[in-house]
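A.B. asks: sequence unknown, structure follows:
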């Protein structure tokens, strides 16, 4: 069985699973998160991108777009809808905007909506950096890459030089902040976080590479190409022979063992294989891990058995020591990692975050994420993987 055939098989299975969570109300459709009971703009947009690429479910695609159109704010933005907050976001606006640009070819009536989305994203750019949202003011390279990729596609579609220049400026900013070893930091400054998260992260390495590749796709440039290959080399270096990542090299605790990392990694390797075919082997191994971490929907985190728990403590100790942080924060990072090691081995369809809330109260730490004490089927991770798989399939054609 060849790689492309297997990719199609996994993609189709994921699309069918996702369709079980699509709700239809007249001429609108939306995905409903089965765990948090929320309607995420990002999930809807990533499903639209997948359906447009695969040319499946045209009526559902149009109805999903109708739902997103109703959710656009007056300033052109869309909200990042999260279990703990909902606020306008350049990141989410760029992802929704990309999905509308892809649908625009057969739905020209979307043009004005896309234009005002572009205006909003441009208004959030400062020298290649983008403000993610009011609640997150640090410079996140993955956000920069995502916004830059939307502007790059917009610039290409509408021959808009201003957007193309902004996308190139963003790409150069990302390249200039890449570590010497090829990894990208999560943030380049502190913003309103308690600490600067200027550390490598396997999950966000893939995210940044994925969207940086899209900037390159529409703008070209040797510097971007060299950065993509350098970043891909680092990512391949933290992939083990069995296809799994070596998470001791990943310093961002709230992204620790996220299953979506394998979707972004696969898509990044597929793009890098344009210049180095050996990356196809890395991508193929990732497809196997994606299968292993799916019960229809993707699991939130990479699963594991209890026998490996003792050895995983060594992984977490190494992870906790990444970065230059005060002792108290390093201890918190270690505790966070141990908590995740146990949680990803426990499975439930419902979340239980009581223990995590107790830990936060005792440690007096604040986090923005939901951290249940169990692994669970995650529509959010699934939509990201769908987007990456469908993009990769188009790259292979």
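C.D. replies: In hand now; what should we look at? As the structure is a prediction and not an experimental result, all values here were calculated from the model. Numbers count the residues shown, from 1 in each chain.
A.B. asks: roughly how far does residue 210 sit from residue 164?
C.D. replies: 20 Å (C-beta to C-beta, to the nearest Å). Where C-beta positions appear, they are placed from N, C-alpha and C, glycine not excepted.
A.B. asks: tell me which of those two has more neighbours.
C.D. replies: The neighbour comparison of residue 210 against residue 164 (other C-beta atoms under 10 Å) goes to residue 210, with 27 against 20.
A.B. asks: for that one, phi and psi?
C.D. replies: With angles defined as degrees, to the nearest 10, residue 210 sits at phi -60, psi -50.
A.B. asks: can you name the residues that contact it?
C.D. replies: Contact partners of residue 210, counting by C-beta atoms under 8 Å, 6 or more residues apart in numbering, are 145, 264, 267-268, 271, 388, 391.
A.B. asks: residue 156 too?
C.D. replies: Contacts here follow C-beta under 8 Å, 6+ apart; on that basis residue 156 touches 164, 218.
A.B. asks: and if you look at residue 346?
C.D. replies: Applying C-beta under 8 Å, 6+ apart, the residues contacting residue 346 are 373-375.
A.B. asks: and the helix or strand of the chain with the lowest mean pLDDT, what does it pack against?
C.D. replies: Here the helix or strand of the chain ranked lowest by mean pLDDT, DSSP states H and E is helix 354-363, holding a mean of 72. Other helices and strands packing on helix 354-363, by 3 or more C-beta pairs under 8 Å, 6 or more residues apart in numbering; DSSP states H and E, are helix 327-343.
A.B. asks: in helices, which of the contacts of residue 210 fall?
C.D. replies: Taking DSSP state H, the ones among these that sit in helices are 145, 264, 267-268, 271, 388, 391.
A.B. asks: tell me the pLDDT at the nearest residue to residue 149 once chain neighbours are set aside?
C.D. replies: Excluding its sequence neighbours, the residue lying closest to residue 149 (C-beta to C-beta, 6 or more residues apart in numbering) is residue 214, at 3.7 Å. The model reports residue 214 with a pLDDT of 98.
A.B. asks: now residue 6
C.D. replies: pLDDT recorded at residue 6 is 95.
A.B. asks: what's the helix or strand for it?
C.D. replies: helix 3-19 (DSSP states H and E).
A.B. asks: which strands and helices lie in contact with that helix?
C.D. replies: helix 41-54, helix 279-292, strand 294-295, strand 297-298, helix 379-396.
A.B. asks: which one, of these, ends up nearest to residue 149?
C.D. replies: Of all these, helix 379-396 sits nearest to residue 149, with 11.0 Å by C-beta to C-beta.
A.B. asks: buried ones in the closest one?
C.D. replies: Buried residues in helix 379-396, defined by neighbour count with 16 or more other C-beta atoms under 10 Å: 379-393.
A.B. asks: ok, now stretch 246-260?
C.D. replies: Quick answer for stretch 246-260 (16+ other C-beta under 10 Å): 247-260.
A.B. asks: out of these, which are inside helices?
C.D. replies: residue 260.
A.B. asks: now the buried residues of stretch 246-260 in a markdown table, with distance to residue 194?
C.D. replies: A markdown table is the format used below for those (distance: C-beta to C-beta, whole Å):
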| residue | distance to residue 194 |
| --- | --- |
| 247 | 23 |
| 248 | 23 |
| 249 | 23 |
| 250 | 20 |
| 251 | 15 |
| 252 | 14 |
| 253 | 13 |
| 254 | 13 |
| 255 | 17 |
| 256 | 18 |
| 257 | 22 |
| 258 | 21 |
| 259 | 27 |
| 260 | 25 |
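A.B. asks: list just the nearest of the buried residues of stretch 246-260 to residue 174.
C.D. replies: The closest of the buried residues of stretch 246-260, once distances to residue 174 are taken by C-beta to C-beta, is residue 252, at 16.8 Å.
A.B. asks: what sits against that closest one?
C.D. replies: Residues near residue 252 by C-beta under 8 Å, 6+ apart: 186, 197, 199, 201, 203-204.
A.B. asks: let me know the pLDDT of it.
C.D. replies: 97.
A.B. asks: against residue 193, how distant is it?
C.D. replies: Residue 252 is 11 Å from residue 193, by C-beta to C-beta.
A.B. asks: do the same with residue 273
C.D. replies: 35 Å.
A.B. asks: so which of these two has more stuff around it?
C.D. replies: Neighbour comparison, residue 273 and residue 193: the larger count goes to residue 273, with 19 against 15 (by other C-beta under 10 Å).
A.B. asks: the more buried one against residue 284, yeah?
C.D. replies: No. Taking contacts as C-beta atoms under 8 Å, residue 273 lies outside contact range of residue 284: 10.4 Å.
A.B. asks: how about the helices in the stretch 101-250 of the chain?
C.D. replies: For the stretch 101-250 of the chain, the helices defined by DSSP state H, counting those that start in this stretch cover 111-123, 141-158, 161-176, 202-219, 222-237.
A.B. asks: distance check, residue 252 against residue 22.
C.D. replies: Distance from residue 252 to residue 22, by C-beta to C-beta: 31 Å.
A.B. asks: typo on my end, it should be residue 84
C.D. replies: 24 Å.
A.B. asks: do residue 182 as well
C.D. replies: 39 Å.
A.B. asks: can you tell which of the helices of the stretch 101-250 of the chain is closest to residue 290?
C.D. replies: Shortest distance between residue 290 and those, using C-beta to C-beta, is found for helix 202-219: 12.4 Å.
A.B. asks: now the angle from the closest one to helix 222-237?
C.D. replies: Using axes from the mean of the first three to the mean of the last three C-alpha atoms, to 10 degrees, the inter-axis angle of helix 202-219 relative to helix 222-237 is 150 degrees.
A.B. asks: measure how helix 202-219 sits relative to helix 279-292, angle-wise.
C.D. replies: 130 degrees.
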